[in-house]
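> Make a model of this:
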Amino acid sequence: MEYRVIALDMDGTALNDEKKFDERTKLAIHEALAAGKEVVFCSGRSYAEMEEPLKEFPDMNYLCGESGGLVFDLKKREPIAMISMPQDMIDIIEEVVGERDIMAHFFKEGKAVVNEDQLSRMAHYQMGVYQESFLRLCTPVEQVFDYQRKVGGSVEKLNLYHTSTEEREKSLELLRQRNLQANMTYSEIASLECTALGVDKAAGLQALCEKLQISMEQVIMVGDADNDCPALKAAGLAVAMGNANSNVKAVSDVVVADNNHNGCGEAIYRFLLGREWKA
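Just a heads-up that it's a prediction; the model follows:
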């Protein structure tokens with residue numbers, strides 16, 4: 001099988017623990033693109049959160065963001081696919097959030113929308129590592145659920161950031177009790193990702209494959225966390241980072257170096273380009 005595409009998760013995968021790209025990883029990405037392969041960031045991030053990292057890769061053509069909710073043509077600067085959550089789903093999530101201490105993060109037509117009074121307290125919601133980028137990139141509003149009712153439009157994804165894993169488990173149980181018809185996945189330390197039913201990274205990559213007129217068998221997926229598992233299972237080759245959790249390693253074909261030691265570069269050279277890789 002000739003692999004045409006390599007899809008790289010961002011946090012914990014293409015980015016190291018300091019949320020930066022290893023210079024060797026950047027070089028490997030550029031070499032793959034120059035060789036006519038497609039390198040695609042397949043991330044849970046919104047387009048707004050990806051614009052700055054993408055400046056380092058003007059040669060990249062596509063993005064699979066928002067956990068598959070937004071597939072974007074970077075050259076034409078337009079969506080290939082954008083799948084919205086229905087309003088009744090958002091209403092159920094609002095009921096579960098209620099007066100609890102939860103930070104709701106809307107992924108809205110590529111933008112990141114959050115409550116202004118929570119924006120400076122990311123560490124309280126176990127998301128302190130993202131504090132700087134959220135302050136720069138998010139759109140603050142008084143109340144995200146009220147804002148959505150007022151302006152309407154697409155919400156491709158809704159993240160709930162909790163103060164603890166126990167609170168996250170409570171949210172998941174309450175949403176299940178209300179029979180929420182959605183994809184719900186744990187991420188980060190205490191976050192819960194919600195997308196429309198059937199929307200995940202695998203679905204996003206499938207939409208991209210249809211655009212490129214190739215099969216998923218020609219895709220390599222590289223990841224580290226539970227929200228990568230659907231795409232890992234669907235890809236022609238599933239690659240787990242050395243720092244990946246046990247669920248990811250269990251569904252993967254191979255394991256490479258961790259995100260602090262150029263694991264993505266290893267995957268690109270060994271499996272996409274068929275070259276020797278040196279640690």
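> where along the stretch 101-250 of the chain do the helices fall?
All helices of the stretch 101-250 of the chain, identified by DSSP state H, counting those that start in this stretch, fall at 131-137, 144-151, 165-177, 201-212, 229-234, 246-251.
> Compare those helices and report which one is nearest to Ala112.
Ala112 lies closest to helix 131-137 among these, at 6.0 Å (CB to CB). (Glycine included, C-beta is placed from N, CA and C.)
> returning to that earlier point: now mean neighbour count and mean pLDDT too, for the helices of the stretch 101-250 of the chain, in TSV please.
Listed next are the helices of the stretch 101-250 of the chain as TSV, based on neighbours: other CB atoms under 10 Å; pLDDT from 0 to 100:
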stretch	mean neighbour count	mean pLDDT
helix 131-137	14	93
helix 144-151	16	97
helix 165-177	15	98
helix 201-212	22	97
helix 229-234	22	97
helix 246-251	15	98
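> Which among the ones you listed is found nearest to Lys37?
helix 201-212 (11.2 Å).
> who's in contact with that closest one?
Contacts to helix 201-212, defined as CB atoms under 8 Å, 6 or more residues apart in numbering, come from residues 4-5, 7, 9, 38, 40, 42, 62, 64-65, 67-71, 73, 80-81, 83, 215-216, 218-219, 221, 223, 227-228, 230-231, 233-235.
> right, and Leu15 touches Asn259 too?
Yes: in this structure, Leu15 is within contact of Asn259 by CB atoms under 8 Å, at 6.7 Å.
> who's more crowded, the two?
Neighbours were counted for Leu15 and for Asn259 using other CB atoms under 10 Å; Asn259 has more, 25 against 21.
> The more buried one belongs to a strand?
No: Asn259 sits outside any strand when classified using DSSP: H, G, I helix; E, B strand; the rest coil, being coil.
> if we can go back for a sec, narrow the contacts of helix 201-212 to those that are buried.
Among those, those classed as buried by 16 or more other CB atoms under 10 Å are 4-5, 7, 9, 38, 40, 42, 62, 64-65, 67-71, 80-81, 83, 216, 218-219, 221, 223, 227-228, 230-231, 234-235.
> list the contacts for Ala190?
125-126, 161-165, 167-168.
> Pull up the gap between it and Glu132, please.
As for Ala190, its distance to Glu132 is 20 Å (criterion: CB to CB, to the nearest Å).
> next one: Val155
As judged by CB to CB, Val155 and Glu132 stand 25 Å apart.
> What count of nearby residues applies to the residue nearest to Gly153 when sequence neighbours are not counted?
For Gly153, ignoring the flanking residues on the chain, the nearest one in space by CB to CB, 6 or more residues apart in numbering is Glu109 at 5.9 Å. When neighbours are counted by other CB under 10 Å, Glu109 registers 18.
> Do I have it right that Glu109 meets Ser154?
Yes: counting by CB under 8 Å, Glu109 does reach Ser154; the two are 5.1 Å apart.
> Now the common contact residues for these two.
With CB under 8 Å, 6+ apart, Glu109 and Ser154 have common neighbours Met82.
> any idea where the strands of the chain begin and end?
Secondary structure of the chain by DSSP state E: the strands cover 5-8, 38-42, 62-65, 70-73, 78-82, 103-108, 111-115, 139-141, 157-161, 182-187, 191-196, 219-223, 237-240, 254-255.
> For those strands, please prepare a markdown table with the additional fields mean pLDDT and distance to Glu95.
Listed next are the strands of the chain as a markdown table, based on pLDDT from 0 to 100; distance: least, CB to CB, whole Å:
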| stretch | mean pLDDT | distance to Glu95 |
| --- | --- | --- |
| strand 5-8 | 98 | 35 |
| strand 38-42 | 98 | 31 |
| strand 62-65 | 96 | 27 |
| strand 70-73 | 95 | 26 |
| strand 78-82 | 93 | 26 |
| strand 103-108 | 96 | 12 |
| strand 111-115 | 96 | 17 |
| strand 139-141 | 97 | 19 |
| strand 157-161 | 97 | 12 |
| strand 182-187 | 92 | 13 |
| strand 191-196 | 95 | 13 |
| strand 219-223 | 98 | 32 |
| strand 237-240 | 98 | 37 |
| strand 254-255 | 98 | 41 |
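> what's the closest non-adjacent residue to the residue of the chain most remote from its centre?
Relative to the C-alpha centroid of the chain, counting by CA atoms, centre = their mean, Glu276 is the outermost residue, at 29.0 Å. Closest residue to Glu276 apart from its sequence neighbours, by CB to CB, 6+ apart: Tyr269 at 7.1 Å.
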